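>>> coords please:
(one chain, ligands or ions: 1)
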Amino acid sequence: MNIVVLTGSPRKKGNSATLAARFVEKAESLGAETRTFHLNNLSIKGCQACGGCKTKKDHCVVKDDMSDVLDAVRRCDALVLATPVYFGDVSAQMKMFIDRTYSYLVPDFLTNPNLSRLEPGKRLVFIQTQAQENEDLFSDIYPKYEMFLNMMGFKDNILIRACGVSEAGETAAIPELLEQADAAAASVMKS
Ligand SMILES: Cc1cc2nc3c(=O)[nH]c(=O)nc-3n(C[C@H](O)[C@H](O)[C@H](O)COP(=O)(O)O)c2cc1C
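Numbering: from 1, shown residues only. Got it, this is the predicted structure:
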């Protein structure tokens, strides 16, 4: 089982990264091979809308650190996206990755039912952390992105949400969240 983890927070020991690290620890204990990219450490751009992935090549033609990320995700069995909520959405670092997944779509994706260049059956674990305690707030973020990732072939996806966490690493002291990270890893490893 090859698992790729993308952390979208600039805080390497923040709430989302803490839960991602717990997931990794459990998955590795069950035999997974994992690779974590801290997006904030990389030199990356958003999608340039150049159309290169729809005309010249079957992959993103922008050459930056995201090339490696996109390639690793293409080859993975499961993907973990861990992001804080920033102004009601994923972080800008995470959004750059999501926009670059445009390269996973075939040129005629609007009409072709086989719209994805990815092998089907990958699992997605989405970790979302927010300061707001009210779970109803920002509950739209995961369904919005999961819909697109589902179209690209991610199935049986799992959401872990931490609400009401602000200081970096607060999630490390919330047993229920750590259990959810462990359970997500066990579920992914069973597939
Ligand atoms: C620029 C910025 C914008 C934020 N916007 C929101 C927001 O819209 N809603 C919210 O509940 N929390 C917001 N937060 C708080 C973070 O989501 C929260 O502290 C989260 O636990 C951070 O996760 P991390 O430690 O993984 O970075 C914001 C924080 C920053 C720095």
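
>>> Any residues of this protein in contact with the ligand? List them.
Within the chain, the residues that sit near the ligand (Cβ under 6 Å from any ligand atom) are 9, 11, 14-17, 84-88, 129-132, 138, 165-166, 168. Glycine gets a C-beta too; all of them are placed from N, C-alpha and C.

>>> which among the residues you listed end up buried?
Among the residues of the chain next to the ligand, the ones that count as buried by 16 or more other Cβ atoms under 10 Å are 9, 11, 14-17, 84-85, 129-131, 138, 165, 168.

>>> Do you know the pLDDT at the nearest residue to residue 39 once chain neighbours are set aside?
Excluding its sequence neighbours, the residue lying closest to residue 39 (Cβ to Cβ, 6 or more residues apart in numbering) is residue 93, at 4.0 Å. We have a pLDDT of 98 for residue 93.

>>> What of residue 56?
For residue 56, the model assigns a pLDDT of 85.

>>> what do you get for residue 191?
86.

>>> May I have the distance across stretch 165-172, first residue to last?
Start to finish, the residues bounding stretch 165-172 are 11 Å apart (Cα to Cα, to the nearest Å).

>>> what does stretch 156-171 give?
Stretch 156-171: ends 24 Å apart by Cα to Cα.

>>> what sits up against that stretch?
Stretch 156-171 is contacted from outside by 11, 13-16, 18-19, 123-135, 142, 146, 149-150, 174, 177-178, 180-181, 184, 187-188, 191, using Cβ atoms under 8 Å, 6 or more residues apart in numbering.

>>> among the residues of the chain next to the ligand, which are in helices?
If you go by DSSP state H, the residues of the chain next to the ligand have 15-17 in helices.

>>> now the residues you listed as a markdown table including distance to residue 157?
A markdown table is the format used below for these (distance: Cβ to Cβ, whole Å):
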| residue | distance to residue 157 |
| --- | --- |
| 15 | 20 |
| 16 | 17 |
| 17 | 20 |
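
>>> need those in JSON lines with pLDDT and distance to residue 75, can you?
JSON lines is the format used below for these (pLDDT from 0 to 100; distance: Cβ to Cβ, whole Å):
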{"residue": "15", "pLDDT": "98", "distance to residue 75": "28"}
{"residue": "16", "pLDDT": "98", "distance to residue 75": "24"}
{"residue": "17", "pLDDT": "98", "distance to residue 75": "23"}
